[in-house]
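Colleague: could you work out the structure for the sequence below:
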Amino acid sequence: MRKSVNTYYHQHALDYYRRQSHYSICPSSIMVLNTVTAAIAITPTVIETFFSHYLNRSPLRQKPTAHLSYHTGLQLIRRFLDFASKQTVDDVQAFTSQAVPNPHWVRVENIIIPEAHLGVAIELLTAQLGPDGIEAVGGGLWWQWRLDEAPLEAEWIEMRRDYNSRRSNGESCKRSMLYVHGGAYYFGSVDEHRYQIQRHARKLQARVLAPRYRLAPQFPFPCGLLDCLAAYLFLLTVQAPETIILAGDSAGGGMVVSLLVILRDRGLSLPAGAVLISPWVDLTHSFPSVAGFTDFDYVPSHGFVHRPSTTWPPPNSDDLEALQKQSRGRLNKLHIGKSTKQKSAEGFEIHHLDGADQYLQPLQDDNPSVVALGRKKHGNLSIRIKDQIVEIKDQVQIYTTNHLISHPLVSPVLQPSLGGLPPLLILVGGGEMLRDEQIYLAHKAAAPLQYPSRLTIQCSHGTNTQWPPTNVQLQVWDDLCHVAPTLSFTRPAKYMYRSVAQFSAWALARAQKSDITIPEDYASGGSGDDSSISSQDEKSRHRRRHNKSGAEANIMADFTTATGRAACLGKGARSEARSVGKAGSPLPLFTNHMIRQRVDRHGLIFPLAHASTLAGCSVSPEEIGILKPGPVTKWMEIQKEWAVKFSKQKRTIQQQRLEEIGKSGYGRYGDDVPPPTALVGRRGEEKLVIQEQMMKRKQSKGLAMWANWGSKRDEEILNREAENLT
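Modeller: Next up is the predicted model:
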């Protein structure tokens with residue numbers, strides 16, 4: 001069945017790569033994204049950070065940025081993302097998917113996930129979505145299609161020494177991990193993340209399977225979720241479930257939560273546990289922290305924007321409505337009037353409340369933000385800001401269409417219940433904008449009845465009473481950024497890797513009902529590893545430094561109440577602080593299914609403030625998944641700025657897309673109506689031609705340098721161990 005579907009789609013797909021180079025307009029003032037141009041853009045920031053770090057050290061004290069490596073890395077990523085926003089989505093995807101050589105001490109094996117597992121995954125995902133979900137995503141076939149019938153690829157990543165040891169002893173692997181990389185669902189790759197993945201493999205003495213799942217916007221939800229589900233089904237054929245840990249960062253963490261829910265609901269074998277590193281679990285941005293600004297994060301506060309191309313952004317709701325009218329014969333020719341071009345370029349329209357509010361009517365019970373404004377039948381995301389209604393016409397998230405951002409498999413924080421899952425470790429950067437939704441996710445999993453979803457969501461997708469609480473270890477790391485292990489060369493990140501290894505080893509031992517002993521050198525890199533606090537003198541020094549800082553030094557002003565800060569930072573708590581454990585160390589006891597910890601930049605653990613004092617746990621269920629003025633206002637501001645810079649480009653490309661889609665009947669593909677960004681729904685009159693040189697991945701010197709920087713500590717430890725053996 002899938003082969004016939006693929007053949008049908010293949011015959012009608014666009015000559016995507018050739019048209020991309022034809023339609024993308026590149027002003028001379030915009031540099032192409034490659035290693036050289038990225039270096040030119042980033043180098044001044046690195047130099048500036050170096051000097052400012054030493055000239056203005058006072059504000060940095062007792063913060064993660066007190067470490068020069070962390071401060072430099074944070075600014076470097078921030079500057080790169082700013083530079084990347086001036087490029088097209090295609091450019092960013094191409095740059096972050098370039099091949100990165102792996103170190104000689106890391107064994108990498110490329111594999112293909114068998115077709116049979118994709119078939120089973122399709123059946124499971126179809127059942128999970130249900131008839132209403134299939135209709136909402138635009139049909140049940142388009143997301144099965146793969147460009148040029150390409151197979152689903154994945155990598156096995158492990159330490160070469162571990163592989164050789166198991167092979168020589170004839171042992172099976174008792175520790176494995178399925179790792180889903182992040183990248184906001186539309187960029188990043190296994191190559192780009194390998195330097196992080198190999199660290200998890202080394203510390204846990206495990207092997208890691210990392211799938212190369214399809215990325216949006218060309219392959220929007222649920223394409224990537226299908227691929228990750230198929231990868232897990234394959235892993236079950238070579239590993240027992242009690243030997244598997246699921247892990248993911250950012251978007252990958254959100255994907256892991258949705259994957260676990262599907263496995264639970266469909267009655268499949270669950271893994272021993274899961275690690276969620278700064279998971280992105282609410283694409284509606286309905287939690288308070290997203291509305292604020294922070295100097296401790298690198299994620300753009302306004303969201304991700306890019307220079308227009310035929311890939312992104314897609315035609316907006318007005319354009320699609322015109323296409324529908326044309327298909328019904330109500331328009332002789334598709335045309336966008338001059339008066340609407342600027343509004344269309346901005347992607348939103350503002351209506352004053354002069355009686356128009358009487359026409360606001362919800363279109364979906366499970367998402368009141370989706371409304372019909374005036375007498376229009378084509379629904380848009382809308383929100384009231386003071387005395388105005390902002391009608392959002394552009395697609396706001398690259399991963400999926402506006403009407404799906406509140407779907408529980410897209411924003412899993414909206415799942416009716418997160419109970420019944422295997423033990424979870426949730427790592428939260430205290431300085432990141434997404435912290436509130438991550439903190440809420442942890443508490444909701446551990447106490448499903450205390451944190452219910454909106455009643456309308458429960459009615460549509462189940463209830464929160466049918467699953468028992470999930471055991472959750474929640475760690476909120478003082479002032480750390482989003483996915484701090486990205487800065488793996490920094491001291492704070494090293495403690496995060498230790499925490500992941502400790503939890504994973506505990507979860508595996510628990511599932512296998514046996515002790516799992518990991519040698520000291522594997523767990524902490526030996527006695528010389530600066531990621532561990534190995535002596536009482538070092539512990540005392542860190543405590544004295546921590547005591548000197550005072551309560552105001554390590555807790556954000558808006559993070560806890562005064563009572564919470566006193567509870568966290570009292571003298572007694574500080575004197576009893578312990579450091580993050582290593583792989584093989586026991587976990588503290590769960591209290592009400594939770595281990596709630598606050599961790600400072602030295603890896604010292606303190607009690608986390610009571611849930612009632614945390615902003616993320618104080619949001620009403622009826623407000624979760626609903627648009628908020630803060631994030632929308634920031635999005636509007638960047639849309640206005642981009643409209644000035646790229647208005648002509650955007651309208652030229654979208655007009656071409658409209659004419660193209662109009663010829664093929666409103667983007668239909670068989671009985672399916674794929675999302676406007678989906679490559680499968682974009683037809684061309686010529687046969688799809690994919691040039692071999694365009695598909696060949698080149699090696700990236702820039703990403704290789706970054707990976708080498710991130711791998712330096714691993715290499716030093718392995719070299720030291722080799723010297724000790726000789």
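
Colleague: my guess is residue 431 is in a helix, correct?
Modeller: No. Counting by DSSP: H, G, I helix; E, B strand; the rest coil, residue 431 falls outside a helix, being coil.

Colleague: can you tell me the closest non-neighbouring residue to it?
Modeller: Distances taken as C-beta to C-beta, 6 or more residues apart in numbering place residue 296 nearest to residue 431, at 2.6 Å, with adjacent residues excluded. Using the backbone N, CA and C atoms, a C-beta is placed for each residue, glycine as well.

Colleague: now do the one you found against residue 678, distance only.
Modeller: With the distance defined as C-beta to C-beta, to the nearest Å, residue 296 ends up 36 Å from residue 678.

Colleague: which of those two has more neighbours?
Modeller: Comparing residue 296 with residue 678 by other C-beta atoms under 10 Å, the one with more neighbours is residue 678, at 25 against 19.

Colleague: so how far is residue 175 from that one?
Modeller: Look at residue 678 and residue 175: by C-beta to C-beta, they are 38 Å apart.

Colleague: residue 95 too?
Modeller: Residue 95 is 33 Å from residue 175, where distance means C-beta to C-beta.

Colleague: how about residue 253?
Modeller: From residue 253 across to residue 175, the span is 20 Å (C-beta to C-beta).

Colleague: and the residue nearest to residue 431, what is it in contact with?
Modeller: For residue 296, the contact set (C-beta atoms under 8 Å, 6 or more residues apart in numbering) comprises 63-65, 74, 429-432, 479-481.

Colleague: dump those into CSV; add distance to residue 447, neighbour count and pLDDT as well.
Modeller: Output for those, formatted as CSV (distance: C-beta to C-beta, whole Å; neighbours: other C-beta atoms under 10 Å; pLDDT from 0 to 100):
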residue, distance to residue 447, neighbour count, pLDDT
63, 32, 20, 82
64, 30, 27, 83
65, 35, 25, 78
74, 34, 25, 89
429, 23, 27, 97
430, 22, 24, 96
431, 26, 25, 95
432, 23, 25, 96
479, 27, 25, 94
480, 25, 32, 95
481, 28, 29, 96
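
Colleague: and which of the residues you listed is nearest residue 285?
Modeller: Nearest to residue 285 among these, counting by C-beta to C-beta, is residue 432 at 13.1 Å.

Colleague: doesn't residue 278 make contact with that closest one?
Modeller: Yes. Taking C-beta atoms under 8 Å as the definition, residue 432 is a contact partner of residue 278 at 6.2 Å.

Colleague: name the residues contacting each of these two.
Modeller: Common contacts of residue 432 and residue 278, defined by C-beta under 8 Å, 6+ apart, comprise residue 482.

Colleague: where does pLDDT dip in the stretch 351-500 of the chain?
Modeller: Residues of the stretch 351-500 of the chain meeting the criterion pLDDT under 70: 354-379, 455-465.

Colleague: which residues in it form helices?
Modeller: Along the stretch 351-500 of the chain, counting by DSSP state H, counting those that start in this stretch, helices occupy 435-446, 455-461, 491-512.

Colleague: by contact count, what packs against the longest one?
Modeller: This means helix 491-512. With contacts defined as 3 or more C-beta pairs under 8 Å, 6 or more residues apart in numbering; DSSP states H and E, helix 491-512 has these neighbours: helix 68-85, helix 190-204, strand 244-249, strand 273-277, strand 424-429, strand 472-477, helix 520-524.

Colleague: all good on my end, thank you.
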